[in-house]
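K.L.:
Just the structure for this:
(one chain, ligands or ions: 1)
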Amino acid sequence: MKKQAYTELARKMLVKLGYSESEAEQKIENSLAFETMLAPAIYTVEEQGNPDYYGKILNYLSLVDMRSLEGNLPILEGLAANGYPETDVYLVGNPAFVEKFNELYTEENLQLIKDCLIVRGSIGAVNLLDRECYEWGQECSNAISGASGSLEDVTLFAVQTSSALKWPTAKLYTSVYLKQEDKDRIAEMVEEIRLAYHGIIEEADFLSDETRAKAIEKLDAIKSYSLYPDDWDKYSCEDLEIKGVAEGGTLFDAVQNKNRFETDKLIKQLSGPVDKELWYYPPNTFNCFYSPTSNSVFILGAFAQGDLYNSDMSDEEMLAKMGTVIGHEISHAFDVKGSQFDKDGNMSNWWTEEDSAAFMERNQKMQDYYSAMHPWEGQDFYASIMTAEACADMAGMKVILRIASEKENFDYDAFFRAYADLWFTKDTLQMAYTRINDEHAMGYLRINGTLQQYDEFLNFYGITEGDGMYLAPADRVNIW
Ligand SMILES: [Zn+2]
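P.N.:
Now for the predicted structure:
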């Protein structure tokens, strides 16, 4: 489906750029042929989602080894031409890919490589040329997602601007929509939830005292960032120059210029110490995340808006939505992937052998739980890539249930309904297919799969053996 949609888009773009129909077809064929040759060396969705992925991508090479790995490929030459200084250590995410590319980097394949660049370049520029190209791009993404229509011009303008000028837009967004009092309130919630996690880790019966102490140490060291950065200087784009239309500027040139500006900034950062306080995503991003390499939790401004967070919410709704999400993010420090990093964000094993084995056994049980499920007949999940996110969903619920248990007259019905409201989704069939590749369980499983682990839910609604949502204690899979 994707191949068909992109082929059609590439064909239109290449003809618009001046190639004949048959030249365009040949270029697309060559491009696909080259990508097909490279494909075996690219990590699959499953490999990227598996717990050992971090170990696979951390390959530190000396300059000498880097030279030998690149072979005929001018990687170091390309880096130098782009302003990257030579260094003693190179981090190579996928050495097998470099080897494969080097093997294919021959005179014989030169035309295929050129055509691949032209095809990819033309597809990549659809949103930066004219209205017609933009609409072709829309048709292509609609065909893939099963959607129809297009954004209103004003929304399109906002989307384009905020994706091209991330930080200036973020600063403007923050000044209009985000308030210090909400930033403080969310920071307080993070602390309340961190405290409740102490109880969960203390009570985890599969941990020895030794590993437990390390886990608590890591929990206490998690840095928390809410809504927006305090210091905007690092994200300044004041030196970025953009030529307006009156001066002969184009959108395409402006974006190229901006990309160059960002690369130069990155190069400067690379030569200094690692800044573990840096916000990777601007506050107007609709997301929250945990960074294992800095052991920090980010609750981004745009997530704490509207139905997900507002000052009129009841306690139940606040805990069901913002609370479980904060709980989810904190627990990523202790899922099968995040737990490979220590309190300082370095990849190092802080588990005793026995505890690690017990933890992996619990992960396996969780994996088996999803392996036995099918979103529709004949369709499996990639269960092995789902356990980290499902672990976070379940721990996030558990920690909030713990907080709820201490509240008087807590309205569990309102709480569970608000939780369902957080994750329920309506998908086109095409989108449902793409969610099979997602490390997060599908929306209905984030709700049902998580809630059926807990007595608070089962008992409240009187769900017992024989009911569809019932899960016997021995079959429950929550890791924490
Ligand atoms: Zn997550």
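K.L.:
domains of this structure?
P.N.:
2-58+93-150, 179-229+279-475 (automatic domain parsing).
K.L.:
okay, those in a markdown table with distance to Gly248, mean pLDDT and mean neighbour count next?
P.N.:
The way it works is simple: take the backbone N, C-alpha and C, and place the C-beta from them, glycine included. Converted to a markdown table, the domains of the chain look like this (distance: least, Cβ to Cβ, whole Å; pLDDT from 0 to 100; neighbours: other Cβ atoms under 10 Å):
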| stretch | distance to Gly248 | mean pLDDT | mean neighbour count |
| --- | --- | --- | --- |
| domain 2-58+93-150 | 16 | 96 | 15 |
| domain 179-229+279-475 | 30 | 96 | 17 |
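K.L.:
Do a quick rundown of the strands in the stretch 251-400 of the chain.
P.N.:
288-291, 296-300 (DSSP state E, counting those that start in this stretch).
K.L.:
For the ion, which of the ones you listed is the nearest?
P.N.:
strand 288-291 (6.9 Å; Cβ to the ion).
K.L.:
what helices or strands is that closest one leaning on?
P.N.:
strand 296-300, helix 324-331 (3 or more Cβ pairs under 8 Å, 6 or more residues apart in numbering; DSSP states H and E).
K.L.:
C-alpha coordinates for it, CSV please?
P.N.:
Only the C-alpha atoms of strand 288-291 are listed here, as CSV (Å, rounded to 0.1, in the frame of the first residue of the first chain):
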residue,chain,number,x,y,z
CYS,A,288,5.7,13.0,27.4
PHE,A,289,8.8,10.8,27.7
TYR,A,290,11.5,9.2,29.8
SER,A,291,15.1,9.6,28.7
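K.L.:
Check whether it comes near the ion.
P.N.:
No - on the criterion Cβ under 5 Å from the ion, strand 288-291 is out of touch with the ion, staying 6.9 Å away.
K.L.:
I would like the residues contacting that strand, please.
P.N.:
The contact list for strand 288-291, computed with Cβ atoms under 8 Å, 6 or more residues apart in numbering, reads 280-281, 296-300, 303, 325-326, 328-330, 332-333, 338, 345.
K.L.:
Parallel or antiparallel, list what pairs with it.
P.N.:
strand 296-300 (antiparallel) (DSSP bridges).
K.L.:
what's the angle from the partner strand to helix 324-331?
P.N.:
When axes from the mean of the first three to the mean of the last three Cα atoms, to 10 degrees is applied, the directions of strand 296-300 and helix 324-331 differ by 160 degrees.
K.L.:
is strand 296-300 anywhere near the ion?
P.N.:
No - counting by Cβ under 5 Å from the ion, the ion is not contacted by strand 296-300; separation bottoms out at 10.6 Å.
K.L.:
Go ahead and name everything in contact with that strand.
P.N.:
Contacts for strand 296-300 (Cβ under 8 Å, 6+ apart): 186, 190, 222-227, 276, 279, 281-291, 322, 325-326, 329-330, 345.
K.L.:
I figured Leu401 was touching Asn459, is that so?
P.N.:
No - assessed by Cβ atoms under 8 Å, Leu401 is found out of contact with Asn459, at 11.6 Å.
K.L.:
ranges for the strands of the stretch 1-150 of the chain?
P.N.:
Using DSSP E, counting those that start in this stretch, strands in the stretch 1-150 of the chain cover 60-62, 89-91.
K.L.:
Centre of the chain to the first one, how far?
P.N.:
Taking Cα atoms, centre = their mean, to the nearest Å, one finds the center of strand 60-62 at 27 Å from the center of the full chain.
K.L.:
re the thing from before, so for the ion, which of the strands of the stretch 1-150 of the chain sits nearest?
P.N.:
Closest among the strands of the stretch 1-150 of the chain, using Cβ to the ion: strand 89-91, at 24.2 Å.
K.L.:
could you say what helices and strands that closest one packs with?
P.N.:
When contacts are defined as 3+ Cβ pairs under 8 Å, 6+ apart, strand 89-91 sits against strand 60-62.
K.L.:
So which elements touch the strand it packs on?
P.N.:
Here strand 60-62 touches strand 89-91, going by 3+ Cβ pairs under 8 Å, 6+ apart.
K.L.:
one more time with 10 Å
P.N.:
Judged by 3 or more Cβ pairs under 10 Å, 6 or more residues apart in numbering; DSSP states H and E, strand 60-62 is in contact with helix 63-70, strand 89-91.
K.L.:
I'd like those laid out as CSV, including mean neighbour count, distance to the ion and mean pLDDT.
P.N.:
Output for these, formatted as CSV (neighbours: other Cβ atoms under 10 Å; distance: least, Cβ to the ion, whole Å; pLDDT from 0 to 100):
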stretch, mean neighbour count, distance to the ion, mean pLDDT
helix 63-70, 15, 33, 97
strand 89-91, 13, 24, 95
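K.L.:
Just put those in TSV and tack on distance to Phe252.
P.N.:
Below are these laid out as TSV (distance: least, Cβ to Cβ, whole Å):
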stretch	distance to Phe252
helix 63-70	31
strand 89-91	31
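K.L.:
I'd like to know how far the nearest residue to Ile403 once chain neighbours are set aside sits from Val89.
P.N.:
With sequence-adjacent residues excluded and distances taken as Cβ to Cβ, 6 or more residues apart in numbering, Ile403 is closest to Ala196, at 5.2 Å. Distance, Ala196 to Val89, by Cβ to Cβ, to the nearest Å: 41 Å.
K.L.:
what residue lies at the spatial centre of the protein?
P.N.:
Computing the C-alpha centroid of the chain and ranking residues by Cα atoms, centre = their mean puts Phe289 first, at 7.9 Å.
K.L.:
quick one: what helix or strand has Ser175 in it?
P.N.:
Using DSSP states H and E, Ser175 sits within helix 166-177.
K.L.:
Could I get the buried residue list for that helix?
P.N.:
Judged by neighbour count using 16 or more other Cβ atoms under 10 Å, the buried positions of helix 166-177 are Lys166, Trp167, Pro168, Thr169, Ala170, Lys171, Tyr173, Thr174, Tyr177.
K.L.:
Those residues of this structure touching the ion, which are they?
P.N.:
Counting by Cβ under 5 Å from the ion, the chain sits next to the ion at Glu389, Ala392.
K.L.:
For the closest residue to Leu14 other than its chain neighbours, give me its contacts.
P.N.:
Nearest non-adjacent residue to Leu14, counting by Cβ to Cβ, 6+ apart: Ala24, 3.7 Å away. Contacts for Ala24 (Cβ atoms under 10 Å, 6 or more residues apart in numbering) come out as 7, 10-18, 118-119, 122.
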